[in-house]
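[1] Quick check, what structure comes out for this input:
(2 chains)
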Amino acid sequence: MSDASSSASSPQGERELLKLTAAQAARRIAAGELSALELFDAYRERAATDHAVGHEGLNCFTWVADERAGVEDSGPLAGVPLAVKDLFCTEGVPSQSGSRILQGYTPPYTATAVARLRDAGAPLLAKTNQDEFAMGSSTENSAFGPTLNPWDRGRVPGGSSGGSAAAVAAGLAPWALGTDTGGSIRQPAALCGIVGLKPTYGSVSRYGMIAFASSLDQAGPLTRDVTDAALLLAHMVGRDPCDATSLQLPEEIVLPSAQELTGLRLGVPAELHGEGIETGVREVFDGACKRAEALGAELIDVELPHAPYALSAYYVLAPAECSSNLARFDGVRYGLRAPGALELLDMYTRTRHDGFGPEVRRRVMLGTYALSSGYYDAYYARAQRVRTKIAEDFADAFKRVDFIVTPTAPTVAFKLGEKTADPWAMYLNDLCTVPMSLAGIPAISIPCGLSDGLPVGLQLAGPAFSENRLLDAAYALEQEFGFDGSAAHV
Amino acid sequence: MAQLARLALAEEEIEPMARELSAVLDHVARIAELDLEHVAPTSHVLDVTGALRPDEPRPCLPRELALAQAPAVSNDGFLVPSPQA
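    Predicted coordinates:
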């Protein structure tokens, strides 16, 4: 029997090695059957090729490690390399949240989530492309240019964590970190045919994440399968004194093992299943629900009466918070400063105009308007009341069902440029993911089939702190679906 | 509004920005349909207890590190154009 490490020098051996899920690779390294350095080198070479100037790659990365610093085969993650969304601060490594205004910025400290994973044995492989400040659903709003979908290079990978999703789907990284504010982990995971989990708000420290909308931002894993998502999450979570909104989970995250769904009640909300969902997506989703029934789950119609208002509330709250958070980018302490200004206010306004892309400018304007005196009650205060109703809708539904199940995104991956001219058309991508973000509850997207050759994601959402049960149900469904993502490997 | 947001907009950028924002606000206006008179606004989605850490002095970022990435520095501080030139 030949093991992966002894044959890794051959092209065929390397392909075998890259086929391993992160959990499989960690197990092999821990058993002494695979070298962590060899695995790191194999991925580093692939990532560097995709990142190389002039190479016709997917443009997944904004930075790739040029040495194997800190690669050790110890710890629970055993040296399996990690790709990290650009907006996580990484000491000495460029971190600019996809924005020109942070050009060349290298933070003096590392985000807690990244530091915890490094301490658990996952070295930094690369930083991944994203929509600027995580504002977007296609990774087209990046100072680094768009990332391409490995299933079809004429299409977007979703966003804002599109670089992380495309890298994992293409086999350019074993696993990746992303962030989700209104769907930015789940939607790209769906469009790229991988697993993406947004944990309960507060599970993972936001310290060192370049902020977009602080009451919604949450870090989480993008992985090839549900087991990898559980493994990565287990080593990210926990209270951090540097983030006052972070929490200690009531139980440890454990690896999923459920084989069936007997007795599980899955709620299908009509509001997130009808209008606005593409026919092909609905067909694949309905087929997936039938297979859940075959595993023993009971499908129950539920109502989320305020879900149709979620997107409207979100596009008040998120821009409002962003307009406040992005006030720090003023050309004084770091990043870009527009040249030639003779006066302070002129320096601020020109720096921010030149440094922010069109979508960020739009949201800063929208948020400033929603928070301005005279409009505050009609927009911000009202949207916070809608948010309360949305959370109550979920609480009511969870009295009757264990989980809510929806399509993750209303469409499959769309063509580059298709939605850039109409902001609201782009925002509609978040239709099914925004309600869970507003309620702060965990939700996972897993691939459940193909529509016209492109992946469709199924979203499972549960009450706060239901991560272990959610991962278990997702795992059982994953075994049943048997989704094969190898067509996207480069 | 651009001035409040500290954003310089070129003359030709004003009309498209106004048009795009109006279109988004038309969609956002749907929240006006709901009766929310007796609904409390969300301040935080989960109950957090013990969020405050002890108020103890800790070392902060060394000055040279804090200044290292500034576009302009002078006399151990950030250098900016005058507010009323």
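[2] What's the local residue count around A:Q103?
    By other Cβ atoms under 10 Å in any protein chain shown, 13 other residues sit near A:Q103. The way it works is simple: take the backbone N, C-alpha and C, and place the C-beta from them, glycine included.
[3] pretty sure it is touching A:T62, no?
    No. Using Cβ atoms under 8 Å, A:Q103 makes no contact with A:T62, being 11.2 Å away.
[4] Just give the nearest non-adjacent residue to the residue in the stretch 101-250 of chain A that chain B sits nearest to, would you?
    Closest residue of the stretch 101-250 of chain A to chain B, Cβ to the nearest Cβ: A:A244 (4.3 Å). With sequence-adjacent residues excluded and distances taken as Cβ to Cβ, 6 or more residues apart in numbering or on different chains, A:A244 is closest to B:A51, at 4.3 Å.
[5] thought that neighbour was touching A:T245?
    Yes. Using Cβ under 8 Å, B:A51 is in contact with A:T245, at 7.1 Å.
[6] Neighbour count: these two, which is higher?
    A:T245 (19 against 14).
[7] so what pLDDT did the more buried one get?
    Model confidence at A:T245, given as pLDDT, is 93.
[8] what's near enough to touch it?
    A:Y201, A:G202, A:R206, A:S214, B:H44, B:V48, B:A51 (Cβ atoms under 8 Å, 6 or more residues apart in numbering or on different chains).
[9] Just say helix, strand or coil for the residue located most distally from the centre of chain A.
    Ranked by distance from the centre of chain A (Cα atoms, centre = their mean), the top residue is A:L342, with 41.5 Å. Secondary structure, DSSP: H, G, I helix; E, B strand; the rest coil: A:L342 is coil.
[10] same check, this time on A:G449
    strand.
[11] hang on, it packs against A:G482?
    No. A:G449 is beyond contact range of A:G482, at 10.0 Å (criterion: Cβ under 8 Å).
[12] More neighbours: which of those two?
    Higher neighbour count among A:G449 and A:G482: A:G449, with 19 against 7, using other Cβ under 10 Å.
[13] Return the distance of the residue nearest to A:A244 relative to A:T179.
    Relative to A:T179, B:A51 is positioned 21 Å away (Cβ to Cβ, to the nearest Å).
[14] Report the distance from the lengthiest helix in chain B to the chain centre.
    Criterion DSSP state H: the longest helix present in chain B is helix B:11-28. Mean-position distance between helix B:11-28 and its chain equals 20 Å (Cα atoms, centre = their mean, to the nearest Å).
[15] Remind me what it packs against, helices and strands.
    helix A:310-325, helix A:358-371, helix A:423-427 (3 or more Cβ pairs under 8 Å, 6 or more residues apart in numbering or on different chains; DSSP states H and E).
[16] how far off helix A:310-325 does that helix point, in degrees?
    Counting by axes from the mean of the first three to the mean of the last three Cα atoms, to 10 degrees, helix B:11-28 lies at 140 degrees to helix A:310-325.
[17] Sort out which one of the contacts of A:T245 lies nearest B:P83 for me.
    For the contacts of A:T245, the residue nearest B:P83 by Cβ to Cβ is A:S214; the value is 28.9 Å.
[18] Who are the contact partners of the closest residue to that closest one other than its chain neighbours?
    Residue nearest to A:S214 in three dimensions, not counting chain neighbours: A:E321, with 5.8 Å by Cβ to Cβ, 6+ apart. For A:E321, the contacting residues are A:F212, A:A213, A:S214, A:S215, A:L216, A:G367, by Cβ under 8 Å, 6+ apart.
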